[in-house]
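Participant: Show me how the following folds:
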Amino acid sequence: MKAFIVYCHPSENSFTRNMRDAFIKGVEDSGNEVILSDLYKMDFKADMTEAEYLRDANYRNTPDVAEDVFAEQEKINQSDAIVFIYPVFWTEAPAKLVGWFDRVWTYGFAYGEKTMKVLDKGMVLCSAGNPIARLKEFGLLESMEKVMFGDRLFGRVKETEFVVFDCTSRENELREKNWDANLQKAYEKGKGLFG
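Facilitator: Residues are numbered from 1 along each chain as shown. Below is the predicted model of the structure:
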C-alpha cells in the first residue's frame with residue numbers, strides 16, 4: 001500500500017518535522033510505501049493564476065493543468081491514502097497548504113467529472129500550540145475537522161482520522177515533556193495507517 005503525505009511547515013527545526021519523520025518511519029516499518037510532497041522544500045506555488053481560476057470557475061475540463069498541479073494529482077492517483085501533516089495557524093492549515101487545495105482540487109479531477117480516485121484513508125496530523133480542551137471549548141477543533149473532512153476530503157476518501165498533537169509551541173513546558181510520547185504516537189499512527 002502507498003501513502004501520499006502532503007507536508008507543510010516552513011521550518012526544518014520544528015516538532016512537526018519530527019512528527020512527520022516518525023510517522024513516515026511507522027508507515028515504512030509496516031511494509032508500506034510513502035510518497036512525500038514537502039510543499040516548502042518544493043517551493044510549491046500556492047497562488048492560483050487567473051487562467052487557473054477561469055478554468056475552474058467556468059467548469060472547463062480542459063487538459064491545460066499546470067505541470068506542478070498535474071504531478072500532485074498523479075501522486076494522489078498512485079496512492080491508497082492521503083495524509084496531511086502541518087502546524088495549526090489561526091485554526092487553519094498554513095496558507096501554502098490551503099493554496100495546494102485551491103490549485104490541486106481542479107474541476108475534472110476533484111469535482112465535476114472526477115478523475116481522482118477515492119482513497120481508502122484520509123488522515124490529518126497537526127501540531128497545535130493550544131491544548132485540546134481549549135480547541136474543543138471554543139469549537140475550533142470541530143471547525144478544523146469540518147473544513148478538512150466535510151469539504152476538502154468529502155466523498156474523496158472512505159475513512160478519515162484527525163489527530164492533534166497539542167501544546168507543542170516552543171514556550172510550552174509540555175512540548176518537551178511530551179516530546180517522546182508524541183513521536184511514539186505519530187510512529188504508531190503511521191504503522192497502523194493501513195492496519
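
Participant: Which other helices and strands does the longest helix anywhere in the chain contact?
Facilitator: Criterion DSSP state H: the longest helix present in the chain is helix 15-29. Applying 3 or more Cβ pairs under 8 Å, 6 or more residues apart in numbering; DSSP states H and E, one finds that helix 15-29 contacts strand 2-7, strand 33-38, strand 81-87, strand 119-127, helix 179-191. Backbone N, C-alpha and C define where each C-beta goes, glycine included.

Participant: buried stuff in the last one?
Facilitator: Read it as helix 179-191. For helix 179-191, burial by neighbour count (16 or more other Cβ atoms under 10 Å) applies to N182, L183, K185, A186, Y187, K189, G190, K191.

Participant: from memory the second one sits against N18, does it?
Facilitator: Translated: L183. Yes - with contact defined as Cβ atoms under 8 Å, L183 counts as touching N18 (6.0 Å).

Participant: From the chain's centroid, how far away is the lowest-mean-pLDDT helix or strand in the chain?
Facilitator: Every helix and strand in the chain was compared by mean pLDDT, DSSP states H and E; the lowest is helix 173-177, with a mean of 79. For helix 173-177, the separation from the chain centroid amounts to 24 Å (computed by Cα atoms, centre = their mean, to the nearest Å).

Participant: Would you mind pulling the contact partners of that helix?
Facilitator: F15, C167, T168, S169 (Cβ atoms under 8 Å, 6 or more residues apart in numbering).

Participant: Tell me how far the closest residue to A128 other than its chain neighbours lies from M116.
Facilitator: Counting by Cβ to Cβ, 6 or more residues apart in numbering, the nearest residue to A128 once its immediate chain neighbours are dropped is V88, at 4.3 Å. V88 is 26 Å from M116, where distance means Cβ to Cβ, to the nearest Å.

Participant: Which one of those two is surrounded by more residues?
Facilitator: V88 (23 against 17; other Cβ atoms under 10 Å).

Participant: okay, now the residue nearest to C167 when sequence neighbours are not counted: neighbour count?
Facilitator: Spatial nearest neighbour of C167, chain neighbours left out: L174 (4.0 Å); criterion: Cβ to Cβ, 6+ apart. Here the number of neighbours of L174 (other Cβ under 10 Å) works out to 13.

Participant: pLDDT value on the residue nearest the centre of the chain, please?
Facilitator: Centroid-nearest residue in the chain: F84, 1.7 Å away (criterion: Cα atoms, centre = their mean). On pLDDT, F84 comes in at 98.

Participant: cool, and N172?
Facilitator: 70.

Participant: Tell me how far it lies from P94.
Facilitator: 19 Å.

Participant: Counting neighbours, go ahead and name the busier of these two.
Facilitator: Set N172 next to P94 and count neighbours by other Cβ under 10 Å: P94 wins out with 19 against 15.

Participant: Contacts only, for C126.
Facilitator: Here C126 is in contact with T16, F84, I85, Y86, P87, V88, A93, M144, F162, V163, V164, F165 (Cβ under 8 Å, 6+ apart).
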